[in-house]
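**Student:** The amino acid sequence is not available; the structure is as follows:
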Ligand SMILES: Nc1ncnc2c1ncn2[C@@H]1O[C@H](COP(=O)(O)OP(=O)(O)OP(=O)(O)O)[C@@H](O)[C@H]1O
Ligand SMILES: [Zn+2]
């Protein structure tokens, strides 16, 4: 039960919610049931069928409509007299500037990507509005964190795992993991067959006999006149899984220390002519093109099954046939979308066939979809718990109850009887380039890298800037905006194509560049250091940003996982990965991590009575539920006496 004071704070608060998906739906419901009366919701998406299993404010009839608007209507049905303002928009749109953010007492994130989270973090810092963050880390669980300028760390005080990029040659020639096959199937093959034909594409292997291979490749992806869809599909299949692999095998150097792939031809897998279908690919006139399915026409039902090579081959050919026959008008414009069933089927099958060729284990559609779409599989119940925790922290923030702020992990595999794990938030990191404006360094070959590379790879991808402006001293090198004069636009376009050392105001070793984002009101200084060479495998960007992205020192197998969906950071939760991504353990830092002897300990050890975390949960602050084996510890209030954390260094 909320106190009178809390109720007052709740009633007078103006709250901004960003994201009305899995967490957002739960959050909106919990906010209104807790008495909040003025809520603004930003979400750029429309409702998909795949959202309905857990985004309970939405029904099938809402598919295709704005999430923010439908969520508003849904809660107004049971709380008709409150103010809910929906925006069907991207939070990065210019209208949501610092002045807009200043209107709110607290901002609550229910987002699913790093980019938007960093953007909101910067706006909250610039507007000096507290932020309560939430996110998921795969099967590790979810967490809620509180970010109050000057009092706690900001969302970017700790390095976040960024989406991984792979060297082109690993993807085109030497895949060793299933994810490499997915990237190949999605970004190369799918893009080549169904996307913008004018885009550069590294699909064809480089071979000793480059001239003949490119000649062979010249028109292979174009459908010949009168060619029937299955013939065309088999020709593409034979080219990418058969011929290209044979060409690659010709590069003997490549296979000296690697297992050789084996070429696969469709006639060897499916010797008999046409594949049999049941004609049941679903009618896209009724369900929309995104529900059309090759699985349905081949009577393959379970997305968790791993198809064999024959099944993958059938799906490949059938999906291609359906694209050609029923979605012809999409061809040339398609971008892979994880909610497009046929696209997911095609990419799964293509990735699996390539995996079979390279001796990599095959995966189910469900798994492939997760990898291709960077999906962190969400669970409705934990979303509800997380939403509750967000509201608890929001209420503390509204009352400036600083001492009781907590970041709370909700462990999806409760470890030794613990489901919720609250820890005190960290103080701001004094070397954070965002909230402490600490300069960064960039190692780059200033004679080879163009300004365009710097803008794309560093300013946009690494620094997450939306509307960047780049300066060297008082010289403006680059700027984005709608109101620029034509000659300026032409100047900047010319600068983009110049190497750094040849810019009108040359950028060489020792230069300090200032990069500013006008919308985020965020400035960052970058110290340039010239370096001649980069390792193509380990440094695929050809430049290295220092002072921010380094994870904490890696102990044996310590790595952080995530795809930007997580609010956790390497130092908040060091993850020990045994092999690949399974068998993961989470070690919350600061909580019993450093024992008296100074040795690091795992969470699994921390529930022992002697550990500091156990101390934190012991006594009358905890409530135990269930039987001894399956006990879940929940805190009765936010006042647990948790020992001060130490960072995991
Ligand atoms: N830049 C952004 N501006 C506004 N809303 C955003 C932005 N980025 C993400 N979102 C919203 O955040 C929500 C995140 O919700 P959730 O994690 O449940 O993902 P989802 O897209 O609904 O589900 P799934 O990814 O599992 O299909 C989505 O509704 C998405 O539209
Ligand atoms: Zn910070």
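**Tutor:** Thanks, I have it. Computed from a predicted structure; not experimentally measured. Numbering: from 1, shown residues only. Ligands and ions are numbered 1, 2, ... in the order given.
**Student:** Could you use CA atoms for every contact and neighbour count after this?
**Tutor:** OK.
**Student:** Please work out the residue of the stretch 401-550 of the chain nearest to ligand 2 and name it.
**Tutor:** Nearest to ligand 2, among the residues of the stretch 401-550 of the chain, is residue 435, at 4.1 Å (CA to the ion).
**Student:** Now that residue: closest residue in space, sequence neighbours ignored.
**Tutor:** Nearest residue to residue 435 in three dimensions, chain neighbours excluded: residue 154, at 6.6 Å (CA to CA, 6 or more residues apart in numbering).
**Student:** How confident was the prediction at the one you found?
**Tutor:** The predicted structure scores residue 154 at 96 on the pLDDT scale.
**Student:** my guess is it meets residue 430, correct?
**Tutor:** No. Residue 154 sits out of contact with residue 430 when judged by CA atoms under 8 Å, with a separation of 10.7 Å.
**Student:** Tell me which of the two has more neighbours.
**Tutor:** Higher neighbour count among residue 154 and residue 430: residue 154, with 29 against 13, using other CA atoms under 10 Å.
**Student:** how near is the more buried one to residue 241?
**Tutor:** With the distance defined as CA to CA, to the nearest Å, residue 154 ends up 48 Å from residue 241.
**Student:** Need the distance between the two termini of stretch 130-148.
**Tutor:** Taking CA to CA as the measure, stretch 130-148 stretches 5 Å from start to finish.
**Student:** What residues does this structure have near ligand 1?
**Tutor:** Residues of the chain lying close to ligand 1 by CA under 6 Å from any ligand atom are 19-22, 42-45, 51, 89-92, 110-112, 116.
**Student:** Quick one: buried ones out of these?
**Tutor:** For the residues of the chain next to ligand 1, burial is judged from neighbour counts taken by 16 or more other CA atoms under 10 Å, and it is met by 19-22, 42-45, 51, 89-92, 110-112, 116.
**Student:** any low-confidence regions in this structure?
**Tutor:** 1, 136-141, 161-164, 204-219, 273-291, 376-378, 412-416, 548-649 (pLDDT under 70).
**Student:** can you list the domain ranges for it.
**Tutor:** If you go by the TED database, the domain ranges for the chain are 4-161+377-423, 168-207+222-272+290-373, 440-546.
**Student:** and these, which is most packed in?
**Tutor:** Each of the domains of the chain was assessed for mean neighbour count using mean count of other CA atoms under 10 Å. The highest is domain 4-161+377-423, with a mean of 20.
**Student:** quick one: is that domain near ligand 2?
**Tutor:** Yes. When contact is scored as CA under 5 Å from the ion, part of domain 4-161+377-423 falls within range of ligand 2: 154, 156-157.
**Student:** Can you list the residue ranges for strands in the stretch 1-150 of the chain?
**Tutor:** Ranges of strands in the stretch 1-150 of the chain, per DSSP state E, counting those that start in this stretch, are 14-18, 38-43, 83-88, 106-109, 131-137, 141-147.
**Student:** Just checking the distance from the fourth one to the centre of its chain.
**Tutor:** Taking CA atoms, centre = their mean, to the nearest Å, one finds the center of strand 106-109 at 19 Å from the center of the full chain.
**Student:** name the helices or strands packed onto it?
**Tutor:** Using 3 or more CA pairs under 8 Å, 6 or more residues apart in numbering; DSSP states H and E, the elements in contact with strand 106-109 are strand 14-18, strand 131-137, helix 380-398.
**Student:** ok, residues contacting it?
**Tutor:** Defining contact as CA atoms under 8 Å, 6 or more residues apart in numbering, one finds that strand 106-109 is touched by 13-19, 24, 117, 124, 129-134, 390, 394, 397-398.
**Student:** Next: the third one.
**Tutor:** Under the criterion CA under 8 Å, 6+ apart, residues 37-45, 66-69, 72 lie in contact with strand 83-88.
**Student:** can we see that at 10 Å?
**Tutor:** Contact partners of strand 83-88, identified using CA atoms under 10 Å, 6 or more residues apart in numbering, comprise 14-18, 20, 28, 32, 36-46, 65-73, 75-76.
**Student:** residues from the stretch 151-300 of the chain in reach of ligand 2?
**Tutor:** Counting by CA under 5 Å from the ion, the positions of the stretch 151-300 of the chain adjacent to ligand 2 are 154, 156-157.
**Student:** need those in JSON lines with secondary structure, can you?
**Tutor:** Shown next, in JSON lines, are those (DSSP: H, G, I helix; E, B strand; the rest coil):
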{"residue": "154", "secondary structure": "coil"}
{"residue": "156", "secondary structure": "coil"}
{"residue": "157", "secondary structure": "coil"}
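**Student:** returning to what we had before: ok, the residue nearest to residue 435 - contacts?
**Tutor:** Neighbour list for residue 154: 118, 121-122, 124-125, 130-131, 145-148, 425-429, 432, 434-436 [criterion: CA under 10 Å, 6+ apart].
**Student:** before we move on, the earlier item: separation between the residue of the stretch 401-550 of the chain closest to ligand 2 and ligand 1?
**Tutor:** As for residue 435, its distance to ligand 1 is 21 Å (criterion: CA to the nearest ligand atom, to the nearest Å).
**Student:** cool, residue 176 as well?
**Tutor:** On the measure of CA to the nearest ligand atom, residue 176 and ligand 1 end up 27 Å apart.
**Student:** Please apply the same query to residue 168.
**Tutor:** 27 Å.
**Student:** For residue 202, see how far away that residue is.
**Tutor:** Computed with CA to CA, the distance linking residue 168 and residue 202 is 8 Å.
**Student:** so what sits against both of these two?
**Tutor:** Residues touching both residue 168 and residue 202 (CA under 10 Å, 6+ apart): residue 184.
**Student:** can you count the residues close to the one residue in the stretch 351-500 of the chain that gets nearest to ligand 1?
**Tutor:** In the stretch 351-500 of the chain, no residue comes nearer to ligand 1 than residue 375, which is 6.0 Å away by CA to the nearest ligand atom. As a burial measure, residue 375 scores 17 neighbours (other CA under 10 Å).
**Student:** Leaving out sequence neighbours, find the closest residue to residue 547.
**Tutor:** Residue nearest to residue 547 in three dimensions, not counting chain neighbours: residue 440, with 5.3 Å by CA to CA, 6+ apart.
**Student:** The one you found reaches residue 432, doesn't it?
**Tutor:** Yes. Taking CA atoms under 10 Å as the definition, residue 440 is a contact partner of residue 432 at 9.5 Å.
**Student:** just the helices in the stretch 451-600 of the chain please.
**Tutor:** Taking DSSP state H, counting those that start in this stretch as the criterion, the stretch 451-600 of the chain contains helices spanning 451-453, 486-496.
**Student:** need those in CSV with distance to residue 194, can you?
**Tutor:** Supplementary listing: the helices of the stretch 451-600 of the chain in CSV, determined by distance: least, CA to CA, whole Å:
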stretch, distance to residue 194
helix 451-453, 27
helix 486-496, 29
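**Student:** Quick check: which of those helices is nearest to residue 535?
**Tutor:** Evaluated over the helices of the stretch 451-600 of the chain, closeness to residue 535 peaks at helix 451-453, with 16.5 Å, by CA to CA.
**Student:** Remind me what that closest one packs against, helices and strands.
**Tutor:** In terms of contacts (3 or more CA pairs under 10 Å, 6 or more residues apart in numbering; DSSP states H and E), helix 451-453 is packed against strand 475-479, helix 486-496.
**Student:** Just put the ones you listed in CSV and tack on distance to residue 542.
**Tutor:** Rendered in CSV, the data for the helices and strands packed on helix 451-453 read as follows (distance: least, CA to CA, whole Å):
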stretch, distance to residue 542
strand 475-479, 21
helix 486-496, 17
